[in-house]
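In: Here's a sequence, model it:
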Amino acid sequence: MTDDPKETSQRKIEHVMIAKRDDIDLSTDRSWFEHVRLLHNPLPDVSFEDVDLSWRFLGYDLRAPLLIEGMTGGHEATLPINKALAEAAQAERVAIGVGSQRAALRDESLAETYSIVRETATEVPVIANLGISHIIGDEGPDNAKRAVDMIDADALAIHLNPLQEVIQPEGSIDFSGSLVAIRDVVRELDVPVIVKEVGSGIPRETAHVLRRMGVGIVDVAGQGGTSWSLIEGERSPEGSPRRIASKRFADWGIPTPLAIMEVSGLGLEVIGSGGVRSGLDAAKCLALGAHMAGAARPFFVRAVEEGSDGVRDELNKFIFEMKLAAFLTGSLTVNQLRLTRKYLLTGPLKTLADERHIFI
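Out: Model prediction:
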């Protein structure tokens, strides 16, 4: 690992500043959730109050199957953001992840920007996070253990981000040995390993391979939300190949609803994320087969602007809409929504599902 610690930390705060901008969020005009229609039941024959979204994940009982996706850390300015997110996760009993811990592996003084999450959220799942490039090689298993120990995590998310790394001016572009690295980390860690994308999705072919490597949980993080291609492109000089390519590849990948259907039914626990902007979107993730729904930007923006109170408000909006969607499909539990295919696909999503031989 040859990262300059100061350079990595500076990159973290640049990501925060750019990520707040609306023009890097594809969900504003390229959401794929609009092509998923939940089937309305005008005679649900249940009480709204009896709808139970409670869910068990990584050994914890949660209020709802909802994850505040890992977003940030690694710069002193990110500590209050992570603290606000963790306070909300603890109060509303949802899972939470941290951003890539790469910076703190190089500079231990930055560890607190991540460990604040576990210190604050003591009774919900906390997920550590490292990029695939930082578990490759002889140091990989040790890096993974250090990331988990740093925040006393209940699982480690290994994020796959080849597009982001190549567009990133100082990115790691050699992914040779990735599969062996994942296998070794799965064998060495005492906590579950989650493999996730960062906005381009995971197809079933990759999911099959991951399962053979011993991975039990995948987070599809599909196309349709924040574009890390655009974020990294903003950090490149105007007119440079990377900046031009960042716009060309901004919507590269597998749309989140399709990615969920791709990997469901393979014996993996599935987290649906990527462009999830509401509780209704989250409910659609569950209806398509996900066990959990994850979101980042809606909670990130509220944390930056309003602190933990804003994040709690956003979480409660999400959970209310998830409950309402379950009720209106006649579902009393999460599994009744997940396992009964109460949805229709429309437009290009239906076409893609047909092309991939995914039948509903």
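In: Okay, and the beta partners of residue 197?
Out: Counting by DSSP bridges, residue 197 forms beta bridges with residue 160.
In: residue contacts, it?
Out: Contact analysis of residue 197 by CB atoms under 8 Å, 6 or more residues apart in numbering lists 159, 160, 161, 219, 220, 221, 222, 253, 259, 274. To be clear about C-beta, it is placed using only N, CA and C from the backbone, and glycine gets the same treatment.
In: any idea which of the residues you listed has the most stuff around it?
Out: Neighbour counts for the contacts of residue 197, by other CB atoms under 10 Å, peak at residue 274, which reaches 37 neighbours.
In: what's that residue in contact with, if anything?
Out: 197, 199, 201, 220, 221, 222, 223, 224, 225, 255, 256, 259.
In: ditto for residue 298
Out: Residue 298 neighbours (CB under 8 Å, 6+ apart): 276, 277, 278, 314, 318.
In: Ramachandran angles for it?
Out: In terms of degrees, to the nearest 10, the main-chain angles of residue 298 are phi -60, psi -40.
In: now do residue 194
Out: Given degrees, to the nearest 10, the pair of backbone angles that residue 194 has is phi -110, psi 130.
In: which residues of the stretch 251-360 of the chain score low on pLDDT?
Out: 360 (pLDDT under 70).
In: Quick one: the helices in it, in order.
Out: Under the criterion DSSP state H, counting those that start in this stretch, helices of the stretch 251-360 of the chain are mapped to 256-263, 279-287, 297-306, 308-328, 334-338, 347-355.
In: Of all those, which one is nearest residue 52?
Out: Smallest distance to residue 52 across these (CB to CB): 7.9 Å, for helix 334-338.
In: which other helices and strands contact the closest one?
Out: helix 279-287, helix 308-328 (3 or more CB pairs under 8 Å, 6 or more residues apart in numbering; DSSP states H and E).
In: so the longest one versus helix 297-306, what angle?
Out: Put plainly, it is helix 308-328. Angle, helix 308-328 to helix 297-306, by axes from the mean of the first three to the mean of the last three CA atoms, to 10 degrees: 150 degrees.
In: in helix 308-328, what counts as buried?
Out: Within helix 308-328, the residues scored as buried using 16 or more other CB atoms under 10 Å are 308, 310-312, 314-315, 318-319, 321-323, 325-328.
In: quick one, what contacts residue 240?
Out: With contacts defined as CB under 8 Å, 6+ apart, residue 240 has no neighbours.
In: Same question for residue 100.
Out: If you count contacts by CB under 8 Å, 6+ apart, then residue 100 has 70, 73, 74, 129, 130, 131, 159 around it.
In: Nearest to residue 147 among those?
Out: Using CB to CB, the contacts of residue 100 come closest to residue 147 at residue 130, 5.1 Å.
In: ok, the closest one touching residue 147?
Out: Yes: counting by CB atoms under 8 Å, residue 147 is a contact partner of residue 130 at 5.1 Å.
In: More neighbours: the two, which one.
Out: Taking neighbours as other CB under 10 Å, residue 130 and residue 147 compare with residue 147 leading, 27 against 22.
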